[in-house]
Every structure is written in C-alpha cells, then in structure tokens.
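>>> sharing a model prediction with you, sequence too.
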Amino acid sequence: MRRSFILHIILGFFACAQLSAQEVSFDSIQKLNDTAFDFARDYRFGQALSYSYIAIQHATKNEDDKALAFSYYTLAVTYKRMQYVDKAKNYYEKALKIQKKIGDKRQIILTYHDLVRLAITEENYRVANNYLKKGYAVAKTTQVVEDMLILDWGKIALLQAEKRYEGLLKFVKEVETRVKASTGKKIFFTARMNYLEFTKGDAYFYLDDFENAQKFLEKHIINEYVHVNDLVSSYQQLAEIYKSKGEIKKEREAILNYQLKLKEKLEQDRASLQEELLANYSLTKDQLKLDVLEEKNYQQSIIVNRFKVVLVIIIILLIGCIILGTLIIKTIYKKIKSNKLLRIKQLKLEEAKLKAEMTSKTKSNFFSMMSHELRTPLYAVTGITHLLLEEDPKPSQQQYLKSLKFSGDHLLSLVNNILQANKLEDNTITIGASTFNLKANIDNIIKSFDLLIKDRENELNIAYDKEIPELLVGDSLKISQILINLISNAIKFTKNGTIRLSVEKLDETDEDVKLHFCIQDTGIGIPKEKQEKVFEVFSQNHDVVNEEYQGSGLGLSIVKKLLEVYNSTIHLESKENVGTTFTFDIRFPKATESVDPNIEVHIDEVDFSNLKMLVVDDNKINQMLTKKILSTKQITTDIVASGAEAIAIVKNNYYDLILMDIHMPEMDGYEATMAIRKFNKKVPIIAFTAVSLDDSLPKIVSSGMNDMIIKPFVASQLFTLIQKYMD
C-alpha cells in the first residue's frame with residue numbers, strides 16, 4: 001500500500017507539471033475535487049491525492065481562490081481519513097486562510113468543524129474549544145440554523161471526548177431545538193434525531209442511569225438511517241444493561257446483534273481496504289482529458305520550468321550563503337558576548353566569595369571576642385559565688401548565693417549554646433579525643449542541677465550500667481553539653497514529676513563499646529504536629545512562651561547537630577500530658593592508658609602545698625579570684641598582668657606550673673609562651689582562657705602550651721589538671 005501511495009503522489013506531481021500551461025473551468029476543478037472526495041471516502045487514497053493535487057494545480061494556474069480553497073479543503077479531508085493529522089491540519093489552515101479572505105462563511109464553518117475533530121483526535125481539548133468558539137462566532141453572523149448544526153456535531157464529539165456527560169445532555173436539548181427548526185429534507189431530520197437519541201442513551205449509560213440509557217438506546221436501534229458504528233456501540237451497551245438487570249435472554253440477543261453489526265462493520269472496512277490494496281492507480285486517458293496540453297505550450301512550459309528551477313536553486317544557494325554567513329557572524333558575536341558575560345559573572349562570584357569569606361571571618365572573630373568578653377565576667381560571678389559558699393555563709397545568705405550560682409550557671413549554659421550554635425552553623429566544630437570518666441561526668445552534671453530540680457519539685461533517677469568500662473575516649477565537654485541540654489529540657493518541662501537518665505551498654509569489642517542513652521520525663525509532652533520541628537534552631541514547644549517554659553530554643557538543635565558529628569541520631573517519643581523520651585547511641589573507644597578513674601573524686605587527698613605557680617592575667621578581679629582559689633590548697637602564687645612581665649619573671653624564678661591567659665594587651669598568651677619556650681621547655685604551661693576550645697586548640701598546641709582550661713570552671717577541674725602535671 002505504501003508503494004502504491006508513493007506511486008500516485010509521483011503521478012499527481014507529474015500531472016501537475018503537464019497542466020502548468022492549461023486553464024480549466026471552476027466546474028471542472030470542482031469535479032476533480034468531488035472525485036477525490038469519493039475516492040477518499042472509499043479508502044482509495046492514492047487516487048484521491050492525485051486528483052486533489054491536479055485540482056490545486058489548476059486552481060493556482062487560474063488564480064481562482066474559491067477553487068483553490070476548496071481543493072485544499074478536499075486534500076485535508078483525504079489526509080484526515082488517512083490519519084495524517086499534521087498534514088490534514090496544514091491544508092485545513094491553508095483553506096481557512098483563503099476562505100476568510102473571500103468571505104466564504106459556510107466553508108469557514110465546515111473547516112472549523114473538521115479542525116475541532118482533528119484536535120479531539122489529538123486529545124487537545126483546549127484547542128478544540130478554541131476552534132468551536134471561532135466557528136460559532138461566524139455561524140451567528142449568518143443566522144442560518146444549518147451553520148450552527150454543523151458545529152453542534154463537533155461540540156457533541158468534544159463533550160463526549162471530555163466525558164462531560166451531564167453538560168452533553170443539556171446541550172443535546174439545545175441541538176434538538178435547532179434540528180426541529182431546520183428546513184432540510186425529512187431524511188436528514190430523521191437521521192439527526194436518531195443520532196441524538198443515540199447520544200443521549202450513550203451519555204446516560206456512562207452516568208450509570210441505565211433506565212434512561214435503555215430507553216434511548218432501544219429507540220436508536222429500531223430507527224432508520226442508523227450508522228453501523230453507532231449500532232455496534234448501542235448493542236454493546238444494551239448487553240451490559242440487560243446483564244445488570246438479569247435479563248439473560250435480552251442480553252444474549254444484544255450480544256448477538258453486537259457481534260453481527262461488528263462483523264458487518266469489519267467486513268465493510270475489510271472490503272474497502274482490500275479494494276485499496278488491489279486497485280490500479282494508473283490514471284486513464286479519460287481521467288486525464290482535462291490535463292492534455294498542446295505540445296508547443298508543453299515544451300515552452302518545460303523550458304520555463306527548468307529556468308525557474310535553476311533560478312530558484314541559485315536564489316536558494318545565495319540565501320543559504322547569506323544565512324550561513326549571518327549565523328557564523330552571529331555565533332562569533334554571541335560567543336564574544338557570552339565570554340564577556342561569563343567573565344563579568346566570574347568576577348562577581350569571586351567578589352561575592354571574598355565578601356562571604358570576610359563576613360565569615362568577621363563573624364568568627366566576633367564570636368571569639370564575645371566568648372572571651374562574656375566568659376571573663378562569668379568566671380568572676382561563678383568563682384566568687386563558689387568561694388562564698390565554701391566559707392560557711394549564714395543560713396539566710398545560702399539561699400541567695402545558691403540562686404546566684406544557679407543564675408550564673410544558667411547564663412553560662414546559654415552563652416555556651418549560642419556560641420556552639422554558631423560553630424555548628426559554620427561547620428567548624430571539632431570533636432576532641434581524651435580519656436575521661438563518663439560516670440564522674442554524669443555525677444557532676446547532676447550536682448549542677450540540684451537547685452533547679454528542687455525548685456521544680458522533681459525527682460531525678462540515674463540508672464548506670466555497671467558493665468560500662470570506667471575509662472572511655474572521647475570529648476567529655478561535648479558529651480556533657482548533650483546531656484546538660486537534654487536534662488535541662490526535661491527539668492524545664494516537668495513539674496512535680498520524675499526524670500530518669502539511663503546509660504546502658506549495647507555492645508562491646510576489644511577496641512570500643514556502644515552505649516545507649518535515654519532521658520525520660522513525665523512532663524507536659526510535645527504535640528505530635530510539633531515533634532519534627534523541635535530540633536530546628538529557635539524552635540519552641542509552645543506558641544506562647546511564658547515564664548514557666550521560656551528558653552532560647554537552641555538546646556535540642558545543638559544536641560542533634562553534635563550527635564550528627566558523632567554519626568549518631570537522636571530519637572524522640574512523646575505524648576501530651578504523659579511525657580517525653582529522648583534516646584541516642586554513641587560508640588566510644590576504650591581507654592588504653594593507665595589513668596586513675598577516681599582521681600577527681602579523691603582530689604581532696606592530694607597535697608598541693610609545696611607547689612609554686614605563676615598566674616598571668618590582665619583582669620584584676622580574675623587575678624584575685626584565681627589566687628583565692630589556689631590558696632584553698634595552700635599553693636604559693638605569683639601574679640603578673642602581661643605577657644612581657646611573665647617572660648621576665650620566669651627567667652628569674654622557678655615555677656611548678658604557669659596559668660597563662662590568652663587575650664592580653666601588648667603581648668598575648670601565645671607570644672609569651674613561645675618566648676618562654678625558647679629558654680624553658682620543661683615548665684608546664686596551661687592556657688587559662690575564656691575562648692572556646694574549637695577556636696583556641698590549634699594555636700595552643702602550636703605555641704607550646706601543654707593543656708588548657710576554659711573560664712569559668714569548677715575548682716575541682718583546675719586542681720585535677722594541676723595534679724596531672726605534678727612530679
């Protein structure tokens with residue numbers, strides 16, 4: 001079939017070439033188009049295309065717009081029946097353009113109707129609606145019922161395709177009114193009403209209204225002028241309706257009729273296709289009677305056509321060269337422009353990167369400075385409070401001092417959280433690895449919450465697995481921070497209840513141990529819809545933050561990010577007015593070095609009275625406070641206020657240990673340490689700073705310091721560190 005199709009396309013073009021010098025009447029062109037239409041209807045597409053091309057050639061030669069428009073329209077119909085949608089649409093639009101030019105409204109309406117059908121075939125319902133709108137606008141100007149009806153059939157098909165069956169039923173009533181108002185032949189009236197009966201039955205069927213569907217479909221199958229395709233559909237739907245009602249006999253009859261009509265339809269299609277396959281498409285002498293040209297005109301037309309072909313080729317080549325040259329120039333220009341724009345963007349990106357780095361460095365320096373500026377006075381507050389509590393204050397003063405200590409600890413915790421949040425945001429957090437006693441750490445944490453637990457009338461229980469090794473390797477400060485935030489959170493949201501901290505060994509190898517931490521409370525709980533958000537920065541459990549539940553909203557976000565650094569995940573279970581449980585697992589390496597795990601517990605038994613220490617600090621209050629703390633262990637203390645003074649006094653005196661402040665005017669602690677190390681490499685130098693470990697550790701190590709302690713600190717921590725470096 002494909003070869004026959006190509007053959008007749010070639011024949012059509014050949015006929016066009018022969019007729020280039022002949023003029024033919026409009027009626028003759030119309031006859032060619034009618035013949036082409038009949039061939040297309042009978043599936044004889046090759047002959048249909050040949051005659052359409054001949055008609056187009058004659059209409060073009062005659063400069064007959066009306067004939068040309070109809071020829072394009074006929075060719076589009078043929079392509080539509082062949083299901084070449086793009087070609088059909090192309091020729092419909094060519095026909096429509098000429099029809100609008102000459103004002104042939106009936107043909108415009110017919111073309112819009114066919115374009116609607118094409119759009120439905122492509123399921124492009126928006127375009128189909130647009131064609132209908134334009135078609136109805138033209139039909140309304142003619143005030144002819146038949147014009148409206150042409151478009152009505154297209155709209156019915158569109159509503160069916162869109163499955164808008166309720167709207168279809170309403171529209172059918174409107175169409176029925178127009179059919180009754182039409183003045184066409186009775187056969188047309190009967191056929192149209194019959195199709196509308198089928199349309200209503202089909203719509204009711206898909207709306208599951210089988211009663212109405214049966215009524216209209218049964219009327220449809222007994223009417224005259226019924227299309228076999230519609231009969232096939234009607235019998236199929238009636239069979240389903242009868243089946244749903246249990247009417248077996250009617251169902252069988254409907255199925256039989258469905259099969260017969262389907263067979264009839266298939267036979268018709270088969271016969272048409274067989275005819276198409278066996279047809280001889282060679283155009284006879286009679287069929288080409290209109291195309292016979294005088295030999296002289298024919299020869300002249302060949303010469304003219306050849307000249308035109310050569311001229312066209314030359315013009316095309318010239319245009320091609322111009323276009324190619326233009327494209328090359330345009331491409332080069334675009335490339336130059338693009339490179340220039342890329343360079344500008346690159347410079348802007350580099351500038352933005354530099355600004356971002358400067359901003360990040362400025363922020364980092366700011367937080368480092370703020371760390372020092374905030375912790376320094378806090379050291380004075382917490383340290384003096386500790387000393388006053390150690391000196392047996394009056395019972396009336398103890399409550400005030402304990403409240404002052406609690407406030408100082410709370411403020412320190414808040415400062416730590418803010419600074420920690422900045423580190424986590426910048427991804428500059430580091431995890432230390434030193435030997436520590438987890439049980440001792442937990443005991444110290446619990447002691448720090450004594451006052452708050454009593455104030456909230458809570459009970460705190462500890463369950464610590466005895467099989468956990470006494471010494472572990474890790475960052476005790478980070479672990480303490482995680483537990484402090486979680487326990488503080490539990491105490492804050494629990495009143496007159498119970499809080500339980502448990503640490504359980506899950507797994508142990510020769511190298512490490514995996515521990516399971518659980519912090520459980522009987523507090524107010526967290527609403528389910530807010531559980532995913534509590535780990536966000538500045539997130540609060542309650543919309544209205546009152547005095548009882550106030551907080552910074554940083555604790556849980558810091559816990560989550562610190563655990564991520566440990567490759568661990570925190571899990572939350574909570575129920576309102578029942579309580580909340582936080583759990584997480586961490587794997588710790590086991591300590592291999594020989595360290596006494598109870599050294600902090602028995603620090604009071606150590607004799608420090610034979611030690612002589614140097615304290616380097618530019619803050620007068622800190623000097624007084626540090627000396628007072630050291631004097632509680634009878635340690636002899638010298639104090640200097642600058643790095644330069646420290647260098648001078650160390651040259652002339654022996655010291656068992658030096659506490660070196662970091663931030664000092666003129667010469668900071670790093671410079672002073674490096675200078676001391678040039679002539680004294682043995683004396684232990686401990687960084688005595690308010691700057692966070694993450695900021696200071698690299699410089700501390702590189703400057704030659706042995707260790708560090710962060711202000712403010714617990715006195716026992718300082719003495720434990722001093723004892724570590726005693727001979």
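Noted; the coordinates are in hand. Residues are numbered from 1 along each chain as shown.

>>> ok so residue 504 is a helix residue?
No. Under the criterion used here (DSSP: H, G, I helix; E, B strand; the rest coil), residue 504 is strand, not part of a helix.

>>> okay, now it: neighbour count?
15 (other CB atoms under 10 Å). Yep, even glycine has a C-beta here, placed from its N, CA and C like the rest.

>>> so it touches residue 466, yeah?
No. Using CB atoms under 8 Å, residue 504 makes no contact with residue 466, being 10.6 Å away.

>>> how far off centre is whatever helix or strand residue 238 lives in?
Per DSSP states H and E: residue 238 is located in helix 228-245. Relative to the mean C-alpha coordinate of its chain, helix 228-245 is positioned 48 Å out (CA atoms, centre = their mean, to the nearest Å).

>>> can you check stretch 458-468 too?
45 Å.

>>> what sits up against that stretch?
With contacts defined as CB atoms under 8 Å, 6 or more residues apart in numbering, stretch 458-468 is touched by 438-439, 442, 446, 449, 453, 487, 491, 494-505, 508, 513, 515.

>>> next one: stretch 627-646
383, 386-387, 390, 608-609, 611-618, 623, 626, 649, 653, 655, 658, 660, 664-669, 671-672, 675-676, 715, 718-719, 722.

>>> repeat the analysis, applying 7 Å as the threshold.
By CB atoms under 7 Å, 6 or more residues apart in numbering, the residues outside stretch 627-646 that reach it are 383, 387, 608-609, 611-616, 618, 623, 649, 664-669, 671-672, 715, 718-719.

>>> buried subset of those residues?
383, 387, 608, 611, 613-616, 618, 623, 649, 664, 668-669, 672, 715, 718-719 (16 or more other CB atoms under 10 Å).

>>> what's the next secondary structure element after the lowest-mean-pLDDT helix or strand in the chain?
Least confident helix or strand of the chain, by mean pLDDT, DSSP states H and E, is helix 2-18 with a mean of 47. Later in the chain than helix 2-18, the nearest helix or strand by DSSP H and E is helix 26-41.

>>> how far does the very next helix or strand once past that following helix sit from its chain's centre?
Heading C-terminal from helix 26-41, the first helix or strand you meet, by DSSP H and E, is helix 45-62. For helix 45-62, the separation from the chain centroid amounts to 56 Å (computed by CA atoms, centre = their mean).

>>> right, and the helix or strand after helix 45-62?
Moving toward the C-terminus from helix 45-62, the next element (DSSP H and E) is helix 65-81.

>>> what's that next one packed up against?
helix 26-41, helix 45-62, helix 85-102, helix 105-121 (3 or more CB pairs under 7 Å, 6 or more residues apart in numbering; DSSP states H and E).

>>> quick check: angle from the second one to helix 65-81?
So the one you mean is helix 45-62. Going by axes from the mean of the first three to the mean of the last three CA atoms, to 10 degrees, helix 45-62 is angled at 160 degrees with respect to helix 65-81.

>>> where does pLDDT dip in the stretch 601-727 of the chain?
601-602, 690-696, 727 (pLDDT under 70).

>>> in it, which spans are strands?
With strands called from DSSP state E, counting those that start in this stretch, the stretch 601-727 of the chain shows them at 612-616, 636-640, 657-660, 685-689, 707-710.
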